[in-house]
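>>> Got a sequence here, can you model it:
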Amino acid sequence: MKTAAKKEMKGLPGARSAGAGVAWPKCQAVAGLLSAALCLAAVGAEAPAPAEGAAIALDDEDQPVTLPLAKAAETPSEDPLESALKTLPEGSGEEASVSQPPASYGTPTRLEDTMRMADGDAPARLGAVQPPVERAKKIRLSLESGVVYDDNIFLKSKDKQSDVIYRVSPQFRFALGDADARQASYVKLDYRPDIFIFQKNDGENSLDHDAAVSGQWTQARLTLGGQVRYQRMSGSSIDLSDRVQRDRYTAGVNGSYGWGSRTSVETSFKWSSERYAESGYADFDEWHHDTFFVYALSAKTRVAAGYGWGRLEVDGQGAQKFQQALARVETELSGKLSVQARGGAEFRTTDSGDSTTPVFGAAVNYKAAEGTTLALHGERSVEASGAQAGQNYSRTSVGAEIRQRMTERFVLSLDGGVDNYAYAQAGAENAAGRGTEKSYYIRPGVSYALKENMRAEAWYGYRRTDGSGADDEYSVNQAGFNFRVDF
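Purely as a prediction, here's the structure:
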């Protein structure tokens, strides 16, 4: 059941987040005309199709990143069908660590993400389309636009509200050094504003931001890196069950040092913070550290053992402390099959007592044939609830995506999976719990390369969530179109 404060906030179907609504007259028409103009500019183009993809184990930017583990509330789980409108992926700009395994393909979390297109030709999260491979430039500019019909924008079990949502998102990157492969020194700046325009519920119009500065320095056997990132978000989520404006701040440093031909040590420190624009939601700060000792069994297989610890502070609640015993393996079993996995146990102390939770993140990637790729992913983590103050939830996700290149220009994709949210008391006071919620999703799509630097996608998404209370059960249907051009 939702909290009383949450029900009061959602009492009116058209209720909007404080500071999130921006009334822009005639913006819908402007966004529609812009999308049409971009598409017309691409018709009839003669150009080769994008290059057959980078390794599917890499993230949306074809860069290695850390597998998600039980870093409480590091990436608050948000509505997966809310992920199709963005291009700069969630997690882009993460601190670089050339020795860390790639991220698993987690469930996309926001409508904003469903409406975006992912970089590279690798299987991407729900809602992602692959734009052409970017050329090596110090300055990169791109423009993405999209439109989606959503039959349940507030994730309600009753009195659903539908709307047509337009999105325009210019993107800018400035980079020096080896910012793509991240094997040598580099520095880069990424910025993406996202303009969302609702055709009927104009009080939900928003201007979101995603800005990150990251860098890496390498010298002989030593690698040092760091990143700072700011995000303004206004979408709905499975945990929040409403469109809520919030600010997310992250900062981190990492390093690795190798000795001999097979051994190395890696360490990282990260701080993250979530701040909500409305009262009734639980702000938090989290600090996390881990260290791994790595051994290369062969040129294609590495194993590692590590230890992590952290501290989570949720407003109005006592501090939570946790430790993690971790192991990691990365291997390429053949030219077609690769496996990355990281897991272990987390030991957490809260005001309500101690708990032990298995945590993991894994990705299996298989190139079945020329033009056919399959990606499997799974993860489990412990996160703080923003809607239920004094509660954590364990999120377990499994999913798969298959991509089939039909011609040089056409690519078909099918993504699906299930997410399980198990809520548990973490504060000293007994808050009304939400029990367990299970969510299923599926997303077919088709993309077409109009030019070497232009791509369009049409997609459909369906999600159903079943919870312990009537208010926690709902379904969402979405259908959309995305277009992207790189300059």
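
>>> does Trp287 have beta-bridge partners, and which?
The bridge-partner assignment for Trp287, based on DSSP bridges, gives Trp271, Arg311.

>>> Arg380 now?
Using DSSP bridges, the bridge partners assigned to Arg380 are Phe360, Thr396.

>>> correct me, but it touches Tyr393?
No. When contacts are counted by C-beta atoms under 8 Å, Arg380 is not listed as touching Tyr393 (11.2 Å). Every C-beta, even on glycine, is put in place using the N, C-alpha and C of the backbone.

>>> These two - which one has more neighbours?
Comparing Arg380 with Tyr393 by neighbour count (other C-beta atoms under 10 Å), the higher total belongs to Tyr393, at 26 against 21.

>>> host element of that one?
In this assignment (DSSP states H and E), Tyr393 forms part of strand 391-405.

>>> Alpha carbons of that strand, as PDB, please.
What follows is strand 391-405 as a C-alpha-only set of coordinates in PDB (Å, rounded to 0.1, in the frame of the first residue of the first chain):
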ATOM      1  CA  GLN A 391      12.300   0.800   3.800                       C
ATOM      2  CA  ASN A 392      14.800  -0.800   1.500                       C
ATOM      3  CA  TYR A 393      13.900  -3.100  -1.400                       C
ATOM      4  CA  SER A 394      15.800  -6.000  -3.000                       C
ATOM      5  CA  ARG A 395      15.500  -5.800  -6.800                       C
ATOM      6  CA  THR A 396      16.100  -8.900  -8.800                       C
ATOM      7  CA  SER A 397      16.100  -8.600 -12.600                       C
ATOM      8  CA  VAL A 398      16.500 -11.100 -15.400                       C
ATOM      9  CA  GLY A 399      16.000 -10.400 -19.100                       C
ATOM     10  CA  ALA A 400      17.100 -11.100 -22.700                       C
ATOM     11  CA  GLU A 401      17.400  -9.300 -26.000                       C
ATOM     12  CA  ILE A 402      17.800 -10.600 -29.500                       C
ATOM     13  CA  ARG A 403      18.800  -8.500 -32.500                       C
ATOM     14  CA  GLN A 404      18.500  -9.600 -36.100                       C
ATOM     15  CA  ARG A 405      20.000  -7.600 -39.000                       C
END
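
>>> which secondary structure elements does it contact?
The elements that strand 391-405 packs onto, with contact taken as 3 or more C-beta pairs under 8 Å, 6 or more residues apart in numbering; DSSP states H and E, are strand 372-384, strand 410-425.

>>> Show me how far stretch 477-485 is from its chain's centre.
Stretch 477-485 has its C-alpha centroid displaced from the chain centroid by 17 Å (C-alpha atoms, centre = their mean, to the nearest Å).

>>> Tell me which of the helices and strands packed on strand 391-405 is the most buried.
Looking across these with neighbours counted as mean count of other C-beta atoms under 10 Å, the highest average goes to strand 372-384: a mean of 22.

>>> what's the angle between that strand and strand 410-425?
Put simply, strand 372-384 runs at 20 degrees to strand 410-425, going by axes from the mean of the first three to the mean of the last three C-alpha atoms, to 10 degrees.

>>> close enough to count as contact, Val187 and Gly226?
No. Counting by C-beta under 8 Å, Val187 sits too far from Gly226 to count as a contact (9.9 Å).

>>> Between these two, which contacts overlap?
Ser214, Gly215 (C-beta atoms under 8 Å, 6 or more residues apart in numbering).

>>> neighbour-wise, which of the two wins?
A side-by-side neighbour count of Val187 and Gly226, using other C-beta under 10 Å, places Gly226 first with 19 against 15.

>>> Number of residues surrounding the nearest residue to that one once chain neighbours are set aside?
Using C-beta to C-beta, 6 or more residues apart in numbering and skipping the chain neighbours, the partner closest in space to Gly226 is Val253 (4.5 Å). The number of residues packed near Val253 is 15, by other C-beta under 10 Å.

>>> list the contacts for Val253?
The contact partners of Val253, taken as C-beta under 8 Å, 6+ apart, are Glu95, Leu224, Gly225, Gly226, Ser268, Phe269.

>>> For it, give the beta-bridge partners.
Note on Val253: beta-bridge partners by DSSP bridges are Gly226, Phe269.

>>> For Tyr307, see how far away it is.
If you measure Val253 against Tyr307 using C-beta to C-beta, to the nearest Å, the figure is 18 Å.

>>> Can you list the neighbours in contact with the helix or strand Tyr295 falls within?
Take DSSP H and E as the rule and Tyr295 turns out to sit in strand 284-296. Residues outside strand 284-296 that contact it (C-beta under 8 Å, 6+ apart) are 71-74, 99, 261-274, 302-315, 324, 326, 328, 384, 386.

>>> Give me the buried entries from the residues you listed.
Applying a neighbour-count criterion of 16 or more other C-beta atoms under 10 Å, the buried members of the contacts of strand 284-296 are 71-74, 99, 264-266, 268-270, 272-274, 302, 304, 306, 308, 310, 312, 314, 324, 326, 328, 384, 386.

>>> what about the stretch 51-200 of the chain, any weak spots by pLDDT?
Low-confidence segments of the stretch 51-200 of the chain, defined by pLDDT under 70, are located at 51-137.
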